[in-house]
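Novice: mind folding the following:
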Amino acid sequence: MRKFLIATHGAFAQGIKSSLDVIIGETENLFLIGAYLDQNIAVEDELKPIMDALTAEDELIIFTDLLGGSVNNIMIREALRDNVHIISGFNLPLLIEVILGDADIPIDELIESALLNAKAQLTYVNKLIETQQQNDFD
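Specialist: Here you go, the predicted model:
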């Protein structure tokens with residue numbers, strides 16, 4: 001079974017989940033870690049029950065907000081196992097594609113495809129409009 005964890009600094013994880021809920025509906029097997037919202041709770045302590053609940057048949061895809069950031073580094077340190085995959089610097093299109101991805105497609109292939117598609121979503125819209133206007137003018 002595929003499970004998903006969104007782990008970010010602050011409340012970004014909760015905010016992105018709100019967007020996911022609006023766009024694709026409630027998602028099963030989705031966990032959130034909003035690091036440093038409560039200074040009394042360590043990220044490792046939030047991660048432990050999620051990792052403890054994983055079975056050998058489960059795949060966990062972890063989305064972190066910042067490569068090299070403390071949250072990402074904790075996820076690597078605590079969770080780099082054969083059935084755990086970490087994606088850093090995610091965006092909403094990537095999340096949607098991976099979460100809704102076909103369970104029969106191997107996860108590494110799904111992630112690679114989703115990364116390419118998500119990168120294509122990063123667009124400087126003003127330039128796009130300018131190019132379109134120029135093409136319309138010509």
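Novice: tell me which stretches of this structure form strands.
Specialist: 2-9, 30-35, 59-64, 84-88 (DSSP state E).
Novice: pick the most buried one from the ones you listed.
Specialist: Ranked by mean neighbour count, the strands of the chain are led by strand 59-64 with a mean of 24 (mean count of other Cβ atoms under 10 Å). For glycine as for every other residue, the C-beta is placed from the backbone atoms N, C-alpha and C.
Novice: from the contact counts, what lies against it?
Specialist: Applying 3 or more Cβ pairs under 8 Å, 6 or more residues apart in numbering; DSSP states H and E, one finds that strand 59-64 contacts strand 2-9, helix 70-79, strand 84-88, helix 92-99, helix 107-121.
Novice: please write out the alpha-carbon positions of that strand in PDB.
Specialist: Coordinates of each C-alpha in strand 59-64 appear next as PDB, following Å, rounded to 0.1, in the frame of the first residue of the first chain:
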ATOM      1  CA  GLU A  59       5.700   2.200   0.300                       C
ATOM      2  CA  LEU A  60       6.100   5.600   1.900                       C
ATOM      3  CA  ILE A  61       6.500   8.600  -0.300                       C
ATOM      4  CA  ILE A  62       7.800  11.600   1.700                       C
ATOM      5  CA  PHE A  63       7.400  15.100   0.300                       C
ATOM      6  CA  THR A  64       9.600  17.800   2.000                       C
END
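Novice: between that strand and strand 30-35, how many degrees?
Specialist: 30 degrees (axes from the mean of the first three to the mean of the last three Cα atoms, to 10 degrees).
Novice: strand 59-64 relative to strand 84-88, how many degrees between them?
Specialist: Using the same axes, to 10 degrees: strand 59-64 against strand 84-88 is 20 degrees.
Novice: state the distance from the residue lying closest to V98 once chain neighbours are set aside to S18.
Specialist: Nearest non-adjacent residue to V98, counting by Cβ to Cβ, 6 or more residues apart in numbering: A114, 5.0 Å away. Counting by Cβ to Cβ, to the nearest Å, the separation of A114 from S18 is 21 Å.
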